[in-house]
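Trainee: Dropping a prediction and its sequence here:
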Amino acid sequence: MDYDFIIVGGGSAGCVMANRLSAKPANKVLLLEAGPDTPPDAVPPDIAASYHLSAANPRFKWMKFFATLQPIRHNAPTRPPAQFYEQGRVMGGGSSINYTAANRGTPDDYNEWETMGAKGWSWEGVVPFFRRMESDQQFDGPLHGKEGPLPIRRILRDDWAPIAKAAGAAFELGGLKFLSDQNAMFGDGYFPVTTNNLHNRRVSAAIAYLDTKTRARPNLTIVSGAQAKRILFEGPRAVGVEVHRDNGADETYRGREIVCSAGAAHTPALLMRSGVGPGHHLREMGIDVVADIPALGQNLQDHPGIGVFSFLPRGMRLYTDGPYIQVAARYSSNYPNCGPNDMYCSVIPRALWHAVGMRTLSLATWLNKPYSRGQVKLASPRWDDEPVVEVNMLSDERDLERLKFALKWVLSMYDKEPLKRAVREVFSTGWNRRSQMVALISPKSKAITNTVAAVLDMAGPLRKKVIEEIMLGEDIRAKLAAGGDAAIEAHVMRHTLSIRHLSCTARMGRDDDPTTVTDNQGRVRGLAGLRVSDTSLFPAVPRANTNIPVIMTAEKVADAAVRG
């Protein structure tokens, strides 16, 4: 059977594309997802919960995906190691396993997109698609939607947990004003965090856009457990997709238009395996070149961050199964040529399902506006080999200096009296593999964390010993006081982590711009029947968690595709 549209990837963008393209009965639409499906009557409990991706079952993630994070700084005493890069391999993609943060970013982000050549993508041009996606449960007005498939809500300030109120008070003492609505009030400030969450349950893109009614459409076919090996071409036209099924079979599907929605790492890798990308790299891999597009895989961007943790005594722990990131802040570094609102900080319990996580608070801060650039390239021409993802965090001096500033800024918040009274030991540690494994929901992890938590509740040297030896925490204040700026830089270089917002590897822009891959409708330059719809399209990563921006992007690309 031939299709009008074949969508490769059932993440946030793919779910939107499947819904909107199949809404036109004349379109025969096929959605391919490498991971398992999660139909409305069979959403696994650990996806329906609001926990962060680290608690998700490994079968819902790409378990071989590593990213090289080290910056291009040859004189650096230490460098961030390669990190296991958790990405969703399940219907709904990242929206099924992330923090459910529903952050749009700021008007400056999208106005910048327009100035970078993405015509029609200014703030004025994207607001209608932000509105189309959402059903805001608390706010109305010209910037909010009330009838979209994705419910948006917040824990309002009066209902914040005690530790969230203490953090908000510290932010205010630090000079930030209260903003009641982060998606309609911009500038520096602290605010209730917007979430795609309803009745204390996650609403992923799969739940929102692939509901029972949508799945019943006779012109929509969903195939899960199907990893794309390559796109098929006849001359310069994409005509189909070859996939490998979980049952071991290889299958081929033909379509009038192929839409790549596999994410900012896997979309360029799929295109390169298919002969689209930098010609010299493809020839090195022994791949016949269909279209030489040097910019594909370049311009990789991500938000680098660092966490500063503390122990939460009784009375300050967040006992809730709902949106547990209740308060966050935008602030400005005022570093030359970096613009406003270039920093972000979330107040996050380490994890809510286990006892150690409930006792550990993180002020996680990151660069909302990074300038470092990386790349994605193939490790081999094999379809089942993960690409090489070089994030190159902190390779731009502005990013290193601002993350050093962020570390000191967070410590200054911990020194404000509301937080100072609310927490105990302040320490820093990386999001290491030990932490990732113990965060998995399992009886073994629960037993381990219950034991560690019991010791943490004991005051004095035992708690400090557990933090240092088991949680690999360092007394960050003492370390920085002893070593000054050099110690701050070494610590940042060692403990910087990815916020997992890979973007911009097939950026859209003007026809005459050699740094672009796609036009303002996501169509790949020089080829027919091939479109991209995911975070790859972003000209620059917005000042936001990327899930809501990519849903907006897919809404806008789908609108263009339906209009033809």
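Mentor: Structure's in. What do you need?

Trainee: Every contact and neighbour count from this point should use C-alpha atoms.
Mentor: Noted.

Trainee: okay, which residue is most central for the protein?
Mentor: A centroid search over the chain (Cα atoms, centre = their mean) returns His501, at 3.7 Å, as the residue closest to the centre.

Trainee: can I assume that residue is in contact with Asn545?
Mentor: Yes. Under the criterion of Cα atoms under 8 Å, His501 is in contact with Asn545, at a separation of 6.8 Å.

Trainee: Helix or strand: which one has Leu480?
Mentor: Under the criterion DSSP states H and E, the helix or strand holding Leu480 is helix 476-495.

Trainee: In PDB, please show the C-alpha coordinates belonging to that helix.
Mentor: What follows is helix 476-495 as a C-alpha-only set of coordinates in PDB (Å, rounded to 0.1, in the frame of the first residue of the first chain):
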ATOM      1  CA  ILE A 476      30.900  22.800  47.200                       C
ATOM      2  CA  ARG A 477      31.200  25.900  49.400                       C
ATOM      3  CA  ALA A 478      34.400  24.600  51.100                       C
ATOM      4  CA  LYS A 479      35.900  23.600  47.800                       C
ATOM      5  CA  LEU A 480      35.300  26.900  46.100                       C
ATOM      6  CA  ALA A 481      36.400  28.900  49.100                       C
ATOM      7  CA  ALA A 482      39.700  27.000  49.100                       C
ATOM      8  CA  GLY A 483      40.400  27.200  45.400                       C
ATOM      9  CA  GLY A 484      38.800  30.400  44.200                       C
ATOM     10  CA  ASP A 485      38.000  30.900  40.500                       C
ATOM     11  CA  ALA A 486      40.200  28.000  39.400                       C
ATOM     12  CA  ALA A 487      38.200  25.600  41.600                       C
ATOM     13  CA  ILE A 488      34.900  27.000  40.200                       C
ATOM     14  CA  GLU A 489      36.000  26.500  36.700                       C
ATOM     15  CA  ALA A 490      37.300  23.000  37.300                       C
ATOM     16  CA  HIS A 491      34.100  22.000  39.100                       C
ATOM     17  CA  VAL A 492      31.900  23.400  36.200                       C
ATOM     18  CA  MET A 493      34.100  21.600  33.600                       C
ATOM     19  CA  ARG A 494      33.700  18.300  35.500                       C
ATOM     20  CA  HIS A 495      30.100  18.400  36.500                       C
END
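
Trainee: So for it, mean pLDDT?
Mentor: Across helix 476-495, pLDDT averages out at 86.

Trainee: One more: stretch 190-204?
Mentor: Here the mean pLDDT over stretch 190-204 is 93, rounded to a whole number.

Trainee: one step back: am I right that the residue nearest to the centre of the chain sits in a strand?
Mentor: No. Per DSSP: H, G, I helix; E, B strand; the rest coil, His501 lies outside any strand segment and is coil.

Trainee: Next one, pLDDT for the nearest residue to it once chain neighbours are set aside please.
Mentor: With Cα to Cα, 6 or more residues apart in numbering as the criterion, His501 has its nearest non-adjacent residue at 5.1 Å, and that residue is Asp302. Among the per-residue scores, Asp302 shows a pLDDT of 96.

Trainee: neighbours around Asp302, how many?
Mentor: 27 (other Cα atoms under 10 Å).

Trainee: Contacts only, for it.
Mentor: 370, 391, 393, 498-503, 541 (Cα atoms under 8 Å, 6 or more residues apart in numbering).

Trainee: returning to that earlier point: in the helix holding Leu480, what's buried?
Mentor: Neighbour counts over helix 476-495 (16 or more other Cα atoms under 10 Å) mark 476, 480, 488-495 as buried.

Trainee: packing partners for it?
Mentor: Counting contacts by 3 or more Cα pairs under 8 Å, 6 or more residues apart in numbering; DSSP states H and E, helix 476-495 packs against helix 397-414, strand 426-427.

Trainee: still on that earlier bit, how close does the residue nearest to His501 get to Arg237?
Mentor: In this structure, Asp302 and Arg237 are 32 Å apart, going by Cα to Cα, to the nearest Å.

Trainee: ok, now Lys61?
Mentor: Here Lys61 is placed at a distance of 32 Å from Arg237 (Cα to Cα).
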